[in-house]
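Chemist: Sequence plus the predicted model coming up.
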Amino acid sequence: MKIHTGRVQTTFDMNIITVHPENIKTILATNFKDYSLGVRYQQLFPLLGNGIFTLSGEGWKHSRAMLRPQFSREQVSQIDTLRAHVSQLIHNFKTKSKNGTEFFDAQVQFHNLTIDTATEFLFGESTDSLADSDKKVQGPTRLVSATDFAEHFTAALDVLALRTHVGPLYWLVDGWKFRNSIDICHNFVTYFVNKALQNPLEKGTETTGRYVFINELTKETRDPIVIRDQAFNILLAGRDTTASLLSFIVFYLARDKRVWNTLRQAVLEEFGTEVESITFESLKRCTYLNYVINEVLRLHPIVPINFRTAIRDTVLPKGGGPDGNDTLFVPKGTKIVYTVYTTQRLKEFWGEDSEEFRPERWAEGKSHTWDYLPFNGGPRICIGQQFALTETGFTLVRIIQTFKDIIYQGSPSYENLSQWTKLTASVADGVWVSFVE
């Protein structure tokens, strides 16, 4: 085993960087209680507040206990709300492609899709950004349009990402524009929080027949700030992660005709051409579809790098000694950086072709646990992963049912793929494609 862990002196302090699966397992699971999110709470607080992604310790435990029932199999298996939004996405693809003659950035459309589906799941009403809607809501202090909300949510997340990159100097990354974006976002979401709190407690899935996250959350707490903060945390996870995953997948499918043709055949055999055939169970059955999704998540985990801070003296199982195979002492206050992007490309676990896009590797039956963590691991594993995978699978199947081919604008080579890493990863230059009916 090569040395996959080391100490690095930064401007502010001494960090440990690791890609070793055993160390990652220790940080995220075995010695979970030895670590916190560190300064990330302060970095993200202005927009996300006290939510499941910002809190540690007892606050995090309470958040997870409150939110976990909202992501039960019963909730994530309901795909009816996806149909209208994905139909609008397909319509936009047809209009913009003009049957393979014009190119557009599909990544923008995927971000519109996921904010539409996320807001409908959370609030019972969608921003309808795919349809260029400009609906407005009256927040506590200002009138906010859905378009303004989407734009300022993105702007605020960009600033939050920069705050995480400058470490303890996060407080320098601030200003009027940032605070204005936060105010717009808070006003928009608070409108739906107040609306939900005005409903009788018993009004929810039982009486409407339709699941609305924020209505169900009011049964757990009547604190509007708690509900608002948790809604923002889920919105962050529900929009950017799935949009980026879909973007990376289409990037690869447009360039690899062998995989595209194999996937298309598998999808048409399993689902035919009817949307009614797509269910939570049938998506699980389509093995090659899942191979493609898994392989893209392996090469491009949506959160490629993450951090923890030791809250007491502790040890890692690897990284010490001359060959890196001894235990490594971790003093209290040490920041540990772990990058699953690198872990998921290590030849020791993934073979000599670990850098290649090859979905068939998932048919080989090899066991992958702590060397494959696209949704993190341990107690803080993503509670919404099945929701994300269901939306991704449903959207891909509808695209394949509708279009015969995807044409990529540019070189068919993978080498010129570059990705941005802010709070999440995305395709840096967009995904410029055209769809052929």
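Modeler: Great, that's in hand. Residues are numbered from 1 along each chain as shown.
Chemist: pLDDT value on residue 376, please?
Modeler: Looking at residue 376, its pLDDT is 96.
Chemist: List the buried residues of stretch 40-54.
Modeler: Neighbour counts over stretch 40-54 (16 or more other C-beta atoms under 10 Å) mark 40-41, 43-54 as buried. (Glycine included, C-beta is placed from N, CA and C.)
Chemist: What of stretch 256-275?
Modeler: Of the residues in stretch 256-275, 256, 259-260, 262-264, 266-267, 270-271, 275 count as buried by neighbour count, 16+ other C-beta under 10 Å.
Chemist: what does stretch 52-69 give?
Modeler: Under 16+ other C-beta under 10 Å, the buried positions of stretch 52-69 are 52-56, 60, 62-63, 66-67.
Chemist: next one: stretch 116-129
Modeler: Residues 116-124, 126-129 are the ones in stretch 116-129 that count as buried (16+ other C-beta under 10 Å).
Chemist: which residues are in contact with the host helix or strand of residue 23?
Modeler: Secondary structure assignment for residue 23, by DSSP states H and E: helix 21-25. Contacts to helix 21-25, defined as C-beta atoms under 8 Å, 6 or more residues apart in numbering, come from residues 4-5, 18, 316-319, 338, 340, 343, 349, 369-371, 373, 377-378.
Chemist: what lines up beside the following helix or strand past it in the sheet?
Modeler: Downstream of helix 21-25, the next assigned helix or strand under DSSP H and E is strand 35-36. Sheet pairing of strand 35-36 (DSSP bridges) gives strand 306-310 (antiparallel).
Chemist: where in the chain is pLDDT low?
Modeler: 1-3, 11, 201-209, 411-416 (pLDDT under 70).
Chemist: centroid residue for it?
Modeler: residue 241 (2.2 Å; C-alpha atoms, centre = their mean).
Chemist: Please report how far that one lies from residue 266.
Modeler: Using C-beta to C-beta, to the nearest Å, we find residue 241 at a distance of 24 Å from residue 266.
Chemist: ok, now residue 419?
Modeler: 27 Å.
Chemist: same check, this time on residue 12
Modeler: Using C-beta to C-beta, we find residue 12 at a distance of 50 Å from residue 266.
Chemist: so who does residue 236 touch?
Modeler: 48, 53, 157, 423.
Chemist: which one of the residues you listed is nearest residue 214?
Modeler: residue 48 (16.1 Å; C-beta to C-beta).
Chemist: chain center to the helix or strand containing residue 294, what's the gap?
Modeler: Using DSSP H and E, residue 294 sits in helix 287-299. Helix 287-299 sits 15 Å away from the centroid of its parent chain (C-alpha atoms, centre = their mean, to the nearest Å).
Chemist: Tell me the helices and strands packed up against that helix.
Modeler: helix 224-255, helix 257-271, helix 385-402 (3 or more C-beta pairs under 8 Å, 6 or more residues apart in numbering; DSSP states H and E).
Chemist: Can you check which of those gets nearest to residue 193?
Modeler: Set against residue 193 and scored by C-beta to C-beta, the helices and strands packed on helix 287-299 come closest in helix 224-255, at 5.0 Å.
Chemist: The closest one vs helix 287-299, what angle?
Modeler: Angle, helix 224-255 to helix 287-299, by axes from the mean of the first three to the mean of the last three C-alpha atoms, to 10 degrees: 110 degrees.
Chemist: Quick check: buried residues in helix 224-255?
Modeler: Within helix 224-255, the residues that count as buried by 16+ other C-beta under 10 Å are 224, 226-255.
Chemist: re earlier: what is the nearest of the buried residues of stretch 256-275 to residue 357?
Modeler: Residue 357 lies nearest to residue 256 out of those, by C-beta to C-beta, at 6.4 Å.
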